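> give the three-dimensional model of this entry:
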Amino acid sequence: MALDSILDYPNVVPSDWIWKSPGYPKMQLFLWQMWWGRMPSNVNIHKRIPTTNKFCIFCPHMEEDMNHILRSCPRATEIWVGLKINLLRSNQLNDWLNLNLNNCEISPFAKVPINVIFGFALWFLWIRRNSWVFKKENIKSDVLIKKLCWAATEWFYTKSHTKVGKAPNPPASSTILQWTPPKTSYLKINTDASFLSSSKEACLAAVCRNELGIWVEGIQSKSLACDSAEAEIKAIFMALNWVRDKGWRKVIIATDSMIAWKATNTMTNLSTNTSSLSNECRVLSLELHDVTIIHEGRVTNALADALAKEAKGRRDGFNTICILSNPPPECLRIYDCELNNVLLTSSVEVQEPLTP
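Predicted coordinates:
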């Protein structure tokens, strides 16, 4: 079976990136099977059972493969039109998947990244098709759009939490849902941590950019932590030491963890495990010149988040700092996207340092 897949797709791009795409594991498995042409569409079933019908039940003269189900069928096009997102185009299905599942631009309709909406739309289109084939239940397009946007929003805003509750209200349309540059002459460092509860491994990352959004430097490291909050605080502490070692002044350090921000800016200690580390962060931030720690939403921290996840594959050992003079290939798309947003928006509102 594996050999058949390779022979069927000799020039296909490796599919490992699918397991890092937005969505739940069942959605990633769905994408992986589709990538290798193993989804049970009518065309694929007909290849194994020639007596079955290979045509679309809604388009009797069109063969039903995954490209038809998700792209050319009128039941699919009405969903894409209703979502109001600018999809990147490609004639090949796999190229189309690759381009749009890595598109981190914010959807003005759903207020979350396009790749998140795109992945959930694919999944819900498949569910809609199966609901009719097996149950003869028709899910209306407007209902499907509301359901998939709700599910995408819920996943996006709760993916870092152990419990998933009701999806939050989407941000107001006036909110800038992208990386925001610091004021002139300041540097901005975004920090993040990827925590593995099974091994207590914390992958830390920080990326420094100037007021133009240009990459100055990045760092990665691995450590051990009791929980995700401690991992986030360790990422802030790593950034503070980085600022001190570099001799930088006028720096904004941004974290997407409200708990870590409170712990490093106030006397709020999360636990005995983090109290000492939080105190060290507060002392070090006071010693440095013009350094402010702020909290921002997850949407503004995409590059640091990607950098932290990329650190999982490093074999440098624990507590070893890896210096990155350029963005890793896995993070280039996000970096270019955020850089273009800064360069193309001439009226970007610069961010003043905030007082804790």
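> most distant residue from the middle of the chain?
Thr51 (43.2 Å; Cα atoms, centre = their mean).
> just the element for it, please.
Assigned by DSSP states H and E, Thr51 falls within no helix or strand.
> for Ile45, see how far away it is.
10 Å (Cβ to Cβ, to the nearest Å). To be clear about C-beta, it is placed using only N, CA and C from the backbone, and glycine gets the same treatment.
> circling back to that earlier point, show the pLDDT at the residue farthest from the centre of the chain.
We have a pLDDT of 94 for Thr51.
> ok, Asn279 next?
At Asn279, pLDDT is 88.
> repeat for the one 4 residues further on
We note a pLDDT of 90 for Val283 in this prediction.
> same question for the one 4 residues further on.
Looking at Glu287, its pLDDT reads 90.
> check which residues of stretch 207-222 are buried.
207-209, 211, 213, 215, 217-222 (16 or more other Cβ atoms under 10 Å).
> among the residues you listed, which ones are in helices?
Among the buried residues of stretch 207-222, DSSP state H puts none in helices.
> and of those, the nearest to Thr77?
Gly213 (35.5 Å; Cβ to Cβ).
> measure that closest one to Arg129 for me?
41 Å.
> again with Met258
Going from Met258 to Arg129 by Cβ to Cβ gives 40 Å.
> who has more neighbours, these two?
Arg129 (21 against 13; other Cβ atoms under 10 Å).
> following element in sequence after the helix or strand that contains that one, please.
Element membership for Arg129, per DSSP H and E: helix 114-135. Counting by DSSP H and E, the element after helix 114-135 in chain order, helix or strand, is helix 141-158.
> residues contacting that next one, please?
22-24, 75, 78-79, 82-83, 109-113, 116-117, 119-121, 123-125, 128, 139, 164-168, 170, 298 (Cβ atoms under 8 Å, 6 or more residues apart in numbering).
> now that helix and helix 114-135, what's the angle there?
130 degrees (axes from the mean of the first three to the mean of the last three Cα atoms, to 10 degrees).
> so which bits of helix 141-158 are buried?
In helix 141-158, counting by 16+ other Cβ under 10 Å, buried: 144-145, 148-149, 151-157.
> same question for stretch 78-85.
79-80, 82-83, 85.
> then that stretch to PDB, C-alphas only?
What follows is stretch 78-85, C-alpha atoms only, in PDB (Å, rounded to 0.1, in the frame of the first residue of the first chain):
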ATOM      1  CA  GLU A  78     -21.200  28.000  -2.300                       C
ATOM      2  CA  ILE A  79     -19.300  27.400   1.000                       C
ATOM      3  CA  TRP A  80     -16.100  29.100  -0.200                       C
ATOM      4  CA  VAL A  81     -18.100  32.100  -1.500                       C
ATOM      5  CA  GLY A  82     -19.900  32.300   1.800                       C
ATOM      6  CA  LEU A  83     -16.700  32.300   3.900                       C
ATOM      7  CA  LYS A  84     -15.400  35.400   2.000                       C
ATOM      8  CA  ILE A  85     -11.700  34.300   2.200                       C
END
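> list the residues that contact the residue lying closest to Leu324 once chain neighbours are set aside.
Setting aside the residues directly before and after it, Leu324 is nearest to Gly218 in space (Cβ to Cβ, 6 or more residues apart in numbering), at 3.7 Å. Residues counted as contacts of Gly218 (Cβ under 8 Å, 6+ apart) are 205-208, 307, 323-324, 327.
> next, the buried residues of stretch 240-248.
240-243, 248.
> for the residues you listed, give me CSV that also has secondary structure and distance to Leu29.
Shown next, in CSV, are those (DSSP: H, G, I helix; E, B strand; the rest coil; distance: Cβ to Cβ, whole Å):
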residue, secondary structure, distance to Leu29
Leu240, helix, 41
Asn241, helix, 41
Trp242, helix, 39
Val243, helix, 42
Trp248, coil, 44
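> quickly check those residues for the two that are furthest apart.
Among the buried residues of stretch 240-248, Asn241 and Trp248 lie farthest apart (Cβ to Cβ), at 11.5 Å.
> coming back round to it: drop anything exposed from the contacts of helix 141-158.
Buried members of those, counted by 16+ other Cβ under 10 Å: 22-23, 75, 79, 82-83, 110-113, 116-117, 119-121, 123-125, 128, 139, 167, 170, 298.
> poorly predicted segments of the chain, please.
In the predicted model, the chain carries pLDDT under 70 at residues 1-14, 159-177, 267-274, 316, 345-356.
> got the domain boundaries for it?
For the chain, the structural domains run 2-158, 187-344, going by automatic domain parsing.
> how about those domains, which one is nearest Gln178?
Across the domains of the chain, closest to Gln178 is domain 187-344 (Cβ to Cβ), at 4.9 Å.
> end to end on that closest one, go ahead and measure it.
Criterion Cα to Cα, to the nearest Å; first-to-last residue distance in domain 187-344 is 20 Å.
> give the contact list for Cys337.
With Cβ under 8 Å, 6+ apart, Cys337 has these contacts: 103-105.
> so which of these is the closest to Ile294?
Cys104 (21.7 Å).
> counting neighbours, what do you get for that closest one?
Neighbours of Cys104 (other Cβ under 10 Å): 21.
> how much space separates it from Asp227?
In terms of Cβ to Cβ, Cys104 sits 27 Å off from Asp227.
> thank you kindly, that will do.
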